[in-house]
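Chemist: I'll drop the sequence and a predicted model, then ask my questions.
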Amino acid sequence: MYQAPRGTIDILPEEQAYWRYIEDKAAAISQRYGYRRIDTPVFEDTGLFIRGVGEATDIVQKEMYTFEDRGGNKLTLRPEGTAPVCRAYLEHGMQNLSQPVKLFYICSLYRYERPQAGRYREFRQFGCEAIGEIDPALDAEVIDMAWQFFVLLGMDQLHLKINSIGCKNCRPAYLDRLKGYYAQCQPQLCPDCRNRLGRNPLRLLDCKNTSCQQIAASAPKSYEHLCPECAAHFERLQKDISLLGLPFEIDSCLVRGLDYYTRTVFEIQPEAEGSQSALGGGGRYDDLIEELGGKPTPGIGFASGIERIITNLEKQNIPIPPLPAPVVYIASIGEAAREVATKLAGDLRRQGINLIQAQGVKSLKAQLRQANSLGASQTVILGEEEIKTRSVQLRDMSTSKQQTVDWDRLVDILK
Ligand code: AMP
């Protein structure tokens with residue numbers, strides 16, 4: 001027997017209410033903050049992610065699903081949503097629109113990671129990108145939108161962490177300091193960190209290994225080594241977040257895993273932390289558009305994992321509105337009645353009534369049992385007697401009371 005590939009999940013009908021709920025709230029919050037939906041292809045040129053996400057990142061080094069198609073093109077299943085949206089921004093001349101251009105997406109992503117609770121190889125994100133504006137007021141607005149999204153979902157115990165990792169002017173000097181600091185502690189580092197030190201020293205700060213975390217706690221802090229422009233930007237950001245009434249913590253170890261981030265980075269976590277606790281996060285990417293071949297254009301975005309949101313909604317016992325169940329079931333006894341039931345079912349559905357018709361030869365009792373288990377509130381029953389009188393028995397499934405209804409009144413009554 002085949003099974004779903006490791007790290008992937010089936011989203012079964014009984015779980016769909018969560019997905020509908022979250023997608024509806026994502027669309028609602030996007031509209032509230034002026035974002036419009038964009039959908040990009042599931043696969044892109046591999047080069048887009050190598051350039052965009054960065055050669056030294058875990059994603060590019062070991063997590064991409066890359067393949068060559070029959071035409072010899074090197075393609076990759078998208079591991080993240082920002083680079084494709086920036087590619088589309090450039091490809092469709094969105095620089096010529098009023099800036100910032102605000103876009104949101106809901107899509108599946110692919111990363112060859114070690115599957116564990118809250119970590120999959122295929123997962124889905126709601127994300128948003130605001131491209132073309134450097135003002136820290138926009139950073140605060142994006143963070144506010146992310147926060148209000150979780151509030152709209154019914155979550156109230158949230159924790160916001162922010163940091164600034166500087167820009168291409170001030171970061172090189174900071175990275176030198178960081179490398180200098182870590183060079184002294186090299187023997188105490190985990191093998192991964194020792195490996196990363198030359199390639200991607202920022203990532204040492206968010207290693208999950210306990211002894212590495214202790215070392216990171218005393219490491220030089222990026223926000224203490226910002227150039228005057230970045231420092232002013234970070235200050236304004238904090239002021240605006242406070243104006244919006246969001247509590248936050250500055251976390252010097254928050255760096256995030258993708259190379260394109262500049263200045264602002266942030267994460268929102270549920271108050272009760274676990275190892276895979278980030279509900280969502282994001283940051284600025286002021287060099288990404290230029291890296292992809294466009295004019296220098298700043299941007300900022302946010303993304304949140306939908307599977308992880310569902311786990312948290314379940315944990316916090318947040319009630320989800322159920323999806324509408326079929327309201328009407330049509331049962332029939334005998335072939336002549338089945339034919340009338342088929343025609344009636346067609347008519348009722350064409351009038352907009354959600355309905356299930358009994359199929360296969362079943363006793364009336366078995367049909368009523370099925371109506372019950374499907375959650376129908378009314379069952380239409382047709383037998384020989386009803387055909388003669390051009391009527392049906394309409395059974396209220398909660399009270400089991402039945403009434404005789406003429407065919408031509410049935411639609412009105414059911415509606
Ligand atoms: P990232 O794209 O890595 O910045 O992650 C943004 C959000 O996506 C995280 O906070 C998680 O909610 C979610 N996420 C990232 N990686 C995974 C994964 N492998 N499985 C499930 N959710 C993920």
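Modeler: Received, thanks.
Chemist: Using PDB, list the CA coordinates for stretch 240-258.
Modeler: The C-alpha coordinates for stretch 240-258 follow below in PDB (Å, rounded to 0.1, in the frame of the first residue of the first chain):
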ATOM      1  CA  ASP A 240       5.300  53.000  15.900                       C
ATOM      2  CA  ILE A 241       4.800  49.500  17.400                       C
ATOM      3  CA  SER A 242       4.200  51.200  20.700                       C
ATOM      4  CA  LEU A 243       1.800  53.600  19.200                       C
ATOM      5  CA  LEU A 244      -0.200  50.600  17.800                       C
ATOM      6  CA  GLY A 245      -0.300  49.200  21.400                       C
ATOM      7  CA  LEU A 246       1.600  46.000  20.700                       C
ATOM      8  CA  PRO A 247       3.800  44.700  23.500                       C
ATOM      9  CA  PHE A 248       7.200  43.600  22.200                       C
ATOM     10  CA  GLU A 249      10.600  42.300  23.300                       C
ATOM     11  CA  ILE A 250      13.900  43.000  21.500                       C
ATOM     12  CA  ASP A 251      15.600  39.700  20.900                       C
ATOM     13  CA  SER A 252      19.300  40.000  19.800                       C
ATOM     14  CA  CYS A 253      19.300  36.400  18.800                       C
ATOM     15  CA  LEU A 254      16.400  36.700  16.400                       C
ATOM     16  CA  VAL A 255      18.000  36.600  12.900                       C
ATOM     17  CA  ARG A 256      15.700  34.300  10.800                       C
ATOM     18  CA  GLY A 257      17.000  31.800   8.300                       C
ATOM     19  CA  LEU A 258      17.000  33.600   4.900                       C
END
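Chemist: Check whether residue 236 really touches residue 137, as I assumed.
Modeler: Yes: here residue 236 reaches residue 137: they are 7.4 Å apart, a contact under Cβ atoms under 8 Å. The way it works is simple: take the backbone N, C-alpha and C, and place the C-beta from them, glycine included.
Chemist: low pLDDT regions in the stretch 151-300 of the chain?
Modeler: For the stretch 151-300 of the chain, the stretches with pLDDT under 70 are 272-276.
Chemist: mind listing the strands for it?
Modeler: Assigned by DSSP state E, counting those that start in this stretch, the strands in the stretch 151-300 of the chain fall at 158-164, 249-250, 262-270, 280-284, 299-305.
Chemist: Mind listing what's buried along stretch 383-391?
Modeler: Residues of stretch 383-391 classed as buried by neighbour count (16 or more other Cβ atoms under 10 Å): 383, 386-387, 391.
Chemist: Ignore what I typed, I meant stretch 290-304.
Modeler: Within stretch 290-304, the residues that count as buried by 16+ other Cβ under 10 Å are 291-292, 294, 297-304.
Chemist: got it, and stretch 366-377?
Modeler: Buried residues in stretch 366-377, counted by 16+ other Cβ under 10 Å: 367-368, 370-371, 376.
Chemist: out of those residues, which are inside helices?
Modeler: Secondary structure from DSSP state H places 367-368, 370-371 of the buried residues of stretch 366-377 in helices.
Chemist: And the residues you listed, which is closest to residue 113?
Modeler: If you rank those by distance to residue 113 using Cβ to Cβ, residue 370 comes first, at 42.5 Å.
Chemist: The residue of the stretch 301-415 of the chain found nearest the ligand: neighbour count?
Modeler: Nearest residue of the stretch 301-415 of the chain to the ligand, counting by Cβ to the nearest ligand atom: residue 305, 2.6 Å away. Per other Cβ atoms under 10 Å, the neighbour tally for residue 305 reads 22.
Chemist: ok, now residue 22?
Modeler: By other Cβ under 10 Å, neighbour count at residue 22 equals 23.
Chemist: Tell me how far the residue in the stretch 1-150 of the chain that the ligand sits nearest to lies from residue 23.
Modeler: Using Cβ to the nearest ligand atom, the closest approach of the stretch 1-150 of the chain to the ligand is made by residue 123 at 3.5 Å. Using Cβ to Cβ, to the nearest Å, one gets 15 Å for the distance from residue 123 to residue 23.
Chemist: coming back round to it: in contact with the residue of the stretch 301-415 of the chain closest to the ligand, which residues?
Modeler: For residue 305, the contacting residues are 118, 123-125, 279-280, by Cβ atoms under 8 Å, 6 or more residues apart in numbering.
Chemist: Give me the three-state assignment for the residue most central in space within the chain.
Modeler: Taking Cα atoms, centre = their mean, the centroid of the chain lies closest to residue 125, which sits 2.3 Å from it. What DSSP: H, G, I helix; E, B strand; the rest coil gives for residue 125 is strand.
Chemist: check contacts around it.
Modeler: By Cβ under 8 Å, 6+ apart, the contact list for residue 125 reads 81, 105-107, 109, 303-306.
Chemist: how does it look with 6 Å?
Modeler: Counting by Cβ atoms under 6 Å, 6 or more residues apart in numbering, residue 125 makes contact with 109, 303, 305.
Chemist: what's the pLDDT at the second one?
Modeler: Confidence per residue is given as pLDDT, and for residue 303 that number is 98.
Chemist: The first one now?
Modeler: Model confidence at residue 109, expressed as pLDDT, equals 98.
Chemist: list the buried ones in the helix or strand it falls within?
Modeler: Per DSSP states H and E, residue 109 falls inside strand 101-110. For strand 101-110, burial by neighbour count (16+ other Cβ under 10 Å) applies to 101-107, 109-110.
Chemist: Throw the residues you listed into a markdown table and include distance to residue 243, thanks.
Modeler: Output for those, formatted as a markdown table (distance: Cβ to Cβ, whole Å):
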| residue | distance to residue 243 |
| --- | --- |
| 101 | 25 |
| 102 | 20 |
| 103 | 25 |
| 104 | 24 |
| 105 | 28 |
| 106 | 29 |
| 107 | 32 |
| 109 | 33 |
| 110 | 39 |
